[in-house]
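1. With the input below, show me the fold.
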Amino acid sequence: MLIAGEVQTGVLRGGGPVTGDVAARLVDLVTGEAVLVSERPRSYVRAPDKPVGVDCPIGASGPNRRPRGIGTAWQRAAILDGHVVQGSAYATIRRAEQSARQPWSYYMTRPGVIESVGRTRWKELADAFAAPVRDADALDLGGIAGQAADRVQRNHRAGGRPGLRAARTRLRWTALVEPCDPSPCEVHFATYGEDLRVLSFTVSEVAARRVAVVAEDIALHDWLLTVLLEEVRKAAIGVLPRDEVIRRLLPAIDYLLHLWLPRTTDDDLARALWSVLENRVGLSRQWNLLVYRIRDQLSAGAVAALSAAIRQ
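-> Purely as a prediction, here's the structure:
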């Protein structure tokens with residue numbers, strides 16, 4: 001069995017963060033279903049999962065018969081802290097019990113499950129999903145995730161100049177479910193270009209229940225780090241005058257620095273995955289270095305301003 005998904009993360013268009021009530025209306029993709037609203041430990045509003053039907057090839061094309069996936073994938077959207085938008089799509093892929101295609105009513109009674117028809121090798125299928133470049137006709141969970149994020153952006157019609165400009169990033173992930181230790185193993189994380197990251201790992205069936213939530217949390221923090229790196233680069237520290245450097249860093253101070261909070265205290269799977277990522281990639285170490293650099297600029301600016309005031 002394989003669980004695969006993609007998360008797209010970006011900034012909400014408009015003049016600034018929205019309230020929880022407004023965020024709940026923006027992410028309401030399923031009429032009549034309650035929206036999840038949480039204020040602890042950060043503001044978090046998420047739409048209920050919506051099943052999206054799929055019927056297309058899965059995996060990579062090859063000399064053997066290519067498996068076909070039929071069923072539904074989960075789609076949802078979320079807004080964090082009133083201004084970070086996530087669109088997410090994921091599905092559990094299982095072997096079909098019948099070789100013939102079933103009526104849609106059969107698949108709709110199994111939401112979030114895609115049945116693989118044809119010869120299926122799970123490791124090959126996981127590698128195909130995790131590949132940075134895939135066949136155009138293959139199952140595109142990223143497209144489904146992007147539709148959720150795009151709908152939230154369309155629902156938000158507020159004007160005004162955005163306080164923070166940032167590109168959207170994509171986290172493509174696969175969890176190969178096998179009988180193993182509850183902790184994830186064979187964890188791989190890679191970046192491709194400016195916007196694509198790929199996370200793949202093997203996990204037990206018990207721990208697999210939380211993979212989508214954990215992937216969304218990792219996607220959020222990868223986006224935060226990516227955007228902060230770009231904000232520091234644009235500030236041109238050591239090149240531009242100190243006042244201008246601080247002015248360019250203000251969006252990062254106002255919108256980003258308070259959001260770094262990896263989910264490592266209430267979830268065993270998250271704690272295990274973050275431990276591997278911190279040891280190999282050092283996301284928090286890099287984040288802290290950038291934060292210290294920004295605060296050093298603020299401190300130097302404050303000292304310079306104080307010295308100028310004393311001289312006057």
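2. Averaged pLDDT, stretch 211-224. What do you get?
-> Averaged across stretch 211-224, pLDDT comes to 96.
3. again with stretch 55-69
-> Averaging pLDDT along stretch 55-69 yields 81.
4. what do you get for stretch 77-84?
-> Here the average pLDDT along stretch 77-84 is 95.
5. who touches it?
-> Contacts to stretch 77-84, defined as C-beta atoms under 8 Å, 6 or more residues apart in numbering, come from residues 9-12, 16-20, 22-23, 26-27, 29, 42-47, 85-88, 148-149, 151-152, 163-164, 216, 220, 223, 255, 258-259. Any C-beta I mention is one placed from the backbone N, CA and C, and that applies to glycine too.
6. How about exporting it as PDB, limited to the C-alpha atoms?
-> The C-alpha atoms that make up stretch 77-84 are tabulated as PDB, following Å, rounded to 0.1, in the frame of the first residue of the first chain:
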ATOM      1  CA  ALA A  77      -7.400  24.000   1.900                       C
ATOM      2  CA  ALA A  78      -6.200  25.800   5.000                       C
ATOM      3  CA  ILE A  79      -5.200  29.300   6.200                       C
ATOM      4  CA  LEU A  80      -2.600  29.700   8.900                       C
ATOM      5  CA  ASP A  81      -2.200  32.900  10.900                       C
ATOM      6  CA  GLY A  82      -4.600  34.600   8.600                       C
ATOM      7  CA  HIS A  83      -2.300  34.900   5.600                       C
ATOM      8  CA  VAL A  84      -0.600  31.600   4.700                       C
END
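7. can you give me how far it is from the chain middle?
-> Mean C-alpha position of stretch 77-84 versus that of the full chain (C-alpha atoms, centre = their mean, to the nearest Å) differs by 12 Å.
8. ditto for stretch 21-36
-> Relative to the chain's own centre, stretch 21-36 is displaced by 19 Å; criterion: C-alpha atoms, centre = their mean.
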